[in-house]
Each structure stands twice: as C-alpha cells, then as structure tokens.
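K.L.:
Sequence and predicted model, in that order:
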Amino acid sequence: MGREPSCNADFDAIESPIRREVAEIISTGRVALGLTRDQLADRVGISIGAIANMENGRVDPRMEMAGWALEAVGYRLVIEPIEAAPK
C-alpha cells in the first residue's frame, strides 16, 4: 500500500477504443488524485484486480463497475444519442 501512484500504461496498445478511453481516464484520474490502485478500489468498493484490469484495458468492465470507477476519479459515464442513428 505504500507505493506512490503511477501511470505508465501504454494506452495506444489497447485495441478497443472504449477500453482505451476508460483505461486512460481511470488511470490518469487516479494518479491526479494521488490515489494508489488499492485506495481507489476501496473507494469504489471493488477489488484492486478489477481496477488493474480496467486500467490495463484487459477486460470489458460492466458498465456499472466502470461508472463507479469513473465517478470516483471525477467523471460520469454518459450515453448520448447520435444525430443520425443507423436504420
């Protein structure tokens, strides 16, 4: 737990655009707040492994779990309609 927050992930290596964006926001947000993964996991109420997997883009997190983590670092998950929805 005594480790300093760090963000050294290679976000460009994450193929999925959604995973990449969630990973980058959670990781950089956590570091900006001075939190370790363990502290963020406690704040969100999920495991440190779940935080690590989201930050590394290894999994497609449940929307609910991603929403909790994003809110903990100051973001909100929003779904908006696109202007011209495909028919």
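P.N.:
Arrived safely, thanks for sending.

K.L.:
for this structure, longest helix please?
P.N.:
helix 17-32 (DSSP state H).

K.L.:
For that one, name the packing helices and strands.
P.N.:
helix 37-44, helix 48-56, helix 63-72 (3 or more Cβ pairs under 8 Å, 6 or more residues apart in numbering; DSSP states H and E). In short, each C-beta sits where N, CA and C put it, glycine included.

K.L.:
low-confidence ranges in this protein?
P.N.:
1-9, 85-86 (pLDDT under 70).

K.L.:
switch to 50 and redo it
P.N.:
Within the chain, the ranges that satisfy pLDDT under 50 run 1-2, 4.

K.L.:
returning to what we had before: including mean neighbour count, could the helices and strands packed on helix 17-32 go into CSV?
P.N.:
Formatted as CSV, the helices and strands packed on helix 17-32 follow (neighbours: other Cβ atoms under 10 Å):
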stretch, mean neighbour count
helix 37-44, 19
helix 48-56, 19
helix 63-72, 17
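
K.L.:
Kindly reformat those helices as a markdown table containing distance to I14.
P.N.:
Converted to a markdown table, these look like this (distance: least, Cβ to Cβ, whole Å):
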| stretch | distance to I14 |
| --- | --- |
| helix 37-44 | 17 |
| helix 48-56 | 8 |
| helix 63-72 | 14 |
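
K.L.:
Report the contact partners of the residue positioned nearest the centre of the chain.
P.N.:
Residue closest to the mean C-alpha point of the chain, counted by Cα atoms, centre = their mean, is I26 at 3.2 Å. By Cβ atoms under 8 Å, 6 or more residues apart in numbering, I26 lies in contact with L40, I51, M54, E55, A66, A69, L70, V73.
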